[in-house]
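**Student:** sequence first, then the predicted structure, then my questions.
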Amino acid sequence: MSVAILRQGEYVIASILSDLSDTEVLELRHELAEMVGRHRSRGIVIDVAALDVIDSFVARALRSIVLTARLRGADTVIVGIQPDVAIAMVQFRLNLEPLRVALDLDEAIALLDRLTQGDAVDGG
């Protein structure tokens, strides 16, 4: 799988390094859910900057990761959506609820810090 996954304190950071097959996307969901439980992680950051396209399957998979992580007790933030990818996602009217996004890793960590401390309003 072309995803680098590492832990930073209470958080898991997954950097997608290249386009993923449908099977690899499902493996990523499983691996992240396992890591959240194994390490009692409070948050996940998924970096999608390397993706040139986020199609409906990948968008649904990201939603599934977010919901699965939430059931395991972790919040999730997506970072690195390229401008052209964002425009295409909006034009294709992909359902992005309940995804939280941030521009970069620093913003994502700050958002997760607020969410895990209970100070943030649900949004993003």
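**Tutor:** That came through, no problem.
**Student:** shaky segments in the protein?
**Tutor:** 1, 118-124 (pLDDT under 70).
**Student:** now do the helices in it.
**Tutor:** Along the chain, the segments classed as helices by DSSP state H run 22-39, 56-71, 83-91, 105-116.
**Student:** packing partners of the last one?
**Tutor:** In other words, helix 105-116. Helices and strands touching helix 105-116, by 3 or more CB pairs under 8 Å, 6 or more residues apart in numbering; DSSP states H and E, are strand 11-16, strand 43-47, strand 75-79, strand 101-102. The C-beta positions use only the backbone N, C-alpha and C, and glycine is treated the same way.
**Student:** and the third one with strand 11-16, angle?
**Tutor:** Right, the one you point to is strand 75-79. If you take axes from the mean of the first three to the mean of the last three CA atoms, to 10 degrees, strand 75-79 sits at 40 degrees to strand 11-16.
**Student:** related to what we said a few turns ago, can you list the helices of the chain in a markdown table and add distance to Val12 and mean neighbour count?
**Tutor:** Below are these laid out as a markdown table (distance: least, CB to CB, whole Å; neighbours: other CB atoms under 10 Å):
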| stretch | distance to Val12 | mean neighbour count |
| --- | --- | --- |
| helix 22-39 | 5 | 16 |
| helix 56-71 | 9 | 17 |
| helix 83-91 | 23 | 12 |
| helix 105-116 | 10 | 18 |
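**Student:** with respect to Pro98, which of those lies nearest?
**Tutor:** Pro98 lies closest to helix 56-71 among those, at 5.9 Å (CB to CB).
**Student:** keeping just the C-alphas, turn the closest one into PDB.
**Tutor:** Coordinates of each C-alpha in helix 56-71 appear next as PDB, following Å, rounded to 0.1, in the frame of the first residue of the first chain:
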ATOM      1  CA  SER A  56     -16.900   9.200  -5.600                       C
ATOM      2  CA  PHE A  57     -15.500   5.900  -4.300                       C
ATOM      3  CA  VAL A  58     -12.500   7.600  -2.600                       C
ATOM      4  CA  ALA A  59     -14.900  10.300  -1.200                       C
ATOM      5  CA  ARG A  60     -17.200   7.600   0.200                       C
ATOM      6  CA  ALA A  61     -14.100   5.700   1.600                       C
ATOM      7  CA  LEU A  62     -12.900   8.900   3.300                       C
ATOM      8  CA  ARG A  63     -16.400   9.300   4.900                       C
ATOM      9  CA  SER A  64     -16.300   5.700   6.000                       C
ATOM     10  CA  ILE A  65     -12.900   6.200   7.600                       C
ATOM     11  CA  VAL A  66     -14.200   9.300   9.400                       C
ATOM     12  CA  LEU A  67     -17.300   7.400  10.700                       C
ATOM     13  CA  THR A  68     -15.300   4.300  11.600                       C
ATOM     14  CA  ALA A  69     -12.700   6.400  13.500                       C
ATOM     15  CA  ARG A  70     -15.500   8.300  15.300                       C
ATOM     16  CA  LEU A  71     -17.000   5.000  16.500                       C
END
